[in-house]
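Asker: Here you go, sequence then predicted model.
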Amino acid sequence: MDIKEINSHLDLVLAKAEKDLEEVTELKDLQAVKVSYLGKKGPLKAAMKYMKDLSNEEKPLLGQAINKVQEAINEKIEALQVHLEEKALEEALEKDALDVTLPGRKHATGHRHVLVHIMEDIEDLFVEMGYQVVEGYEIESDHYNFEMMNLPKNHPARDMQDTFYITDEVLLRTHTSPVQARTMEAHDFSKGPLKMISPGRVFRRDDDDATHSHQFHQIEGLVVSKDVTLADLKGTLDLLAKELFGYDRATRLRPSYFPFTEPSVEVDVSCFKCGGEGCHVCKGTGWIEILGCGMVHPHVLEMAGVDPKEYQGFAFGIGADRIAMLKYEIEDIRHLYQNDQRFLNQF
Ligand code: PHE
């Protein structure tokens, strides 16, 4: 072969390489094409065998011609490699794409217990009216739980609040009233009246049945000032009843008895279920009892160091459990304490 024929042979090799490369669509196939043209057994290495047919002047031309084709093929391979790598990356990105608009996996977060809800709603209402919220001890002394509430030892009304004694003098509080006694005792009345509520857990030795539990939750309130009256109490509790059961509810007061208040009163709210006509919720009466209250007994004021001739007060106590049961028609108080998610998640 002379140099001309060799050149046209090399042109064919290049053309074939170009054609083969056109068909390569995957990186893994590119390597095979590269080896087949540029490798030891490829047509370019083989073309060296023509060297022996050429004259001394033509010999260098062969090397140059082979190099030129080799470079041309190499360039094409490199360009194709970059292109295929980009394409592979794009495909991978598309395939593994993270769609940030998809909804996330939900974390199960808890929520406040229905009793906490009710107590916080009541707290909010009273805080808006300028009351302070005071929490006290769940373990109390007989002195603050009973004596300061006008319930001396052997007083028959202690029976209504029989409880769990730790010693003869220390017990689980039966109401949050001891918090009021302590706060009233410590209050500096020269700085103004006392307005407080005390929410919290209380304990009584009760039969555990559908409507009684040995533990329940109270919010008690106390206002002591020079001029507070039963009318203020009535207005305040009417507002509380409306807040809890709706603004078209009516309230009524009924005489009652508590050792620590005089006069003592029970508050009924018109039935939120039937509007007062009579149904199973109000047991046909149209009214539902929601809380006890009254004007603070002068002796209770006196024991706390407050002069009953100058000051008077009103007090009330409401059970959060009872409110929850009425409001949501919960038929058994024990549901509130059993932590069954199916129950709790309804609120
Ligand atoms: N301390 C009373 C109880 O637990 C509730 C109450 C408070 C009643 C204030 C009247 C006035 O039964």
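Answerer: All right, it came through fine. Residues are numbered from 1 along each chain as shown.
Asker: gap between the one residue in the stretch 51-200 of the chain that gets nearest to the ligand and Pro255?
Answerer: Nearest to the ligand, among the residues of the stretch 51-200 of the chain, is His175, at 3.2 Å (Cβ to the nearest ligand atom). All C-beta spots, glycine's among them, are computed from the backbone N, C-alpha and C. Taking Cβ to Cβ, to the nearest Å as the criterion, His175 is separated from Pro255 by 20 Å.
Asker: ditto for Leu84
Answerer: Leu84 is 95 Å from Pro255, where distance means Cβ to Cβ.
Asker: ok so, going back, correct me if wrong: the residue of the stretch 51-200 of the chain closest to the ligand contacts Val202.
Answerer: Yes. Using Cβ atoms under 8 Å, His175 is in contact with Val202, at 5.4 Å.
Asker: returning to what we had before: quick one: which of His175 and Pro255 has more around it?
Answerer: More crowded of His175 and Pro255, by other Cβ atoms under 10 Å: His175, with 25 against 9.
Asker: That one should be in a strand, yeah?
Answerer: No. Membership of His175 in a strand is not supported by DSSP: H, G, I helix; E, B strand; the rest coil, which gives coil.
Asker: ok now do it, which residues does it touch?
Answerer: 145, 149, 161, 202, 218, 220, 317 (Cβ atoms under 8 Å, 6 or more residues apart in numbering).
Asker: Skipping adjacent residues, who's closest to the last one in space?
Answerer: When the adjacent residues along the chain are set aside, Gly317 lies closest to Glu220, with 4.3 Å between them (Cβ to Cβ, 6 or more residues apart in numbering).
Asker: before we move on, which element is the one you found in?
Answerer: In this structure, Glu220 sits in strand 215-225 according to DSSP states H and E.
Asker: Grab the nearest non-local neighbour of Ala241.
Answerer: Val269 (4.4 Å).
Asker: Just checking, which helix or strand succeeds the strand or helix carrying that neighbour along the chain?
Answerer: Using DSSP H and E, Val269 falls within strand 261-270. Once the chain leaves strand 261-270, the next helix or strand it forms, by DSSP H and E, is strand 287-296.
Asker: anything in that following strand near the ligand?
Answerer: Yes. Using Cβ under 6 Å from any ligand atom, strand 287-296 reaches the ligand at 292-294.
Asker: List the neighbouring strands of that strand plus their orientation.
Answerer: Paired neighbours of strand 287-296 in the sheet (DSSP bridges): strand 261-270 (antiparallel), strand 312-319 (antiparallel).
Asker: Any idea how many residues pack against Leu291?
Answerer: Using other Cβ under 10 Å, the number of residues around Leu291 comes to 24.
Asker: The residue nearest to Ala241 pairs with what?
Answerer: Thr251, Ile288.
Asker: And it, how far from the ligand?
Answerer: Here Val269 is placed at a distance of 16 Å from the ligand (Cβ to the nearest ligand atom, to the nearest Å).
Asker: Quick one: residues contacting that residue.
Answerer: 241, 244-245, 249-251, 287-288, 290.
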